[in-house]
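1. Give the three-dimensional model of this entry:
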Amino acid sequence: MTTTGDTNSPDTSATSDNSSNSPETKRFRDVFKDHKWVITTVVALLAVIVPAVISAATSDDGGKDDKASTPTAPGLAPPAQTSSPTESSSSSPTPSAEASSPKAPVIRSFPVTLTIGDSYEAIDFDAASDEPVTRRIANDEFESMTEDQKSRYDMDTNDRGAPTVEFLSASGAAALQPDETVTVEACRQASSGGGITRFELDDNSELSNRSAGIRKGATLCIRTDKNAVVAAKIKEIVFPSTNGIMKLDVTVWSS
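-> Below you'll find the predicted structure:
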């Protein structure tokens, strides 16, 4: 008996036709056919919108990076941020302040106490920094000095009968009163024609310190032998019956 080989093999064509004609497939085709225009419109919109969104995001990031990495020329710093102008601070010099400020530099500033005793005390206000400003000199030694030797000093004190202060420069000294402004110019002008060559610390003397305007708070203006300008403010002055004391705050300006 002959057996045919394909009598028991499954009929695939029938299965394929059945799946394509199944109710689910038919329903999908009907829905697609009825809503084809909606689906087409959505797909078209997505095709336009998605690339636009991606492009916008990319350009924003690129802009930020460009700002952050703006190149500068070699050796040059990035441009500084400018701030809005503000009112000038009180520390800025005003024209009037500049005009009234001393033009000459200060050489030195120091306190000094003069004790008028039995011997001479010579004062050299513009002495070198490694030399003493005051020097005690015996009476006979000082009196035997020549005028040139004495002229290296600017002032001396002695008690040869009464406590006395002498100014050794040709122009003498001037006294600015406590209510007068003390500047290098004021002292330079006052000392050029000061006229005070000596005074005694004795109220009973006709050369009284008070008649010369010498009192606490006043400032002595002196020109030195090196043409420097000295302002010596009197912090304390004592004129007893024997020795006298003067305490000064001294400022020396160059010529």
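2. Sketch out the low-pLDDT regions of the stretch 101-250 of the chain for me.
-> Filtered on pLDDT under 70, the stretch 101-250 of the chain yields the residue ranges 101-104, 202-211, 239-242.
3. What are the boundaries of the helices in it?
-> Taking DSSP state H, counting those that start in this stretch to define them, one finds helices in the stretch 101-250 of the chain at 139-143, 147-150, 184-192.
4. Quick check: bridge partners of Tyr120?
-> Counting by DSSP bridges, Tyr120 is bridged to Ile137.
5. Strands of the stretch 51-200 of the chain, start to end?
-> 106-116, 120-123, 134-137, 155-159, 163-167, 173-176, 198-200 (DSSP state E, counting those that start in this stretch).
6. quick one on the thing from earlier: turn the helices of the stretch 101-250 of the chain into JSON lines, including distance to Ile245.
-> The way it works is simple: take the backbone N, C-alpha and C, and place the C-beta from them, glycine included. JSON lines is the format used below for the helices of the stretch 101-250 of the chain (distance: least, Cβ to Cβ, whole Å):
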{"stretch": "helix 139-143", "distance to Ile245": "19"}
{"stretch": "helix 147-150", "distance to Ile245": "23"}
{"stretch": "helix 184-192", "distance to Ile245": "23"}
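7. Just name the most buried of the ones you listed.
-> Counting by mean count of other Cβ atoms under 10 Å, helix 184-192 has the highest mean neighbour count of the helices of the stretch 101-250 of the chain, with a mean of 19.
8. got a list of contacts for it?
-> Residues from elsewhere that reach helix 184-192 (Cβ atoms under 8 Å, 6 or more residues apart in numbering): 102-104, 169, 171-174, 176, 180, 219, 221-223, 229-231, 253.
9. export that helix as PDB, just CAs?
-> As requested, C-alpha coordinates have been extracted for helix 184-192 and formatted as PDB (Å, rounded to 0.1, in the frame of the first residue of the first chain):
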ATOM      1  CA  VAL A 184      54.800 124.900  57.200                       C
ATOM      2  CA  GLU A 185      53.800 128.000  55.100                       C
ATOM      3  CA  ALA A 186      52.500 129.900  58.200                       C
ATOM      4  CA  CYS A 187      55.600 129.100  60.100                       C
ATOM      5  CA  ARG A 188      57.900 130.000  57.200                       C
ATOM      6  CA  GLN A 189      56.300 133.400  56.800                       C
ATOM      7  CA  ALA A 190      56.200 134.200  60.500                       C
ATOM      8  CA  SER A 191      59.800 133.200  61.200                       C
ATOM      9  CA  SER A 192      61.100 135.200  58.300                       C
END
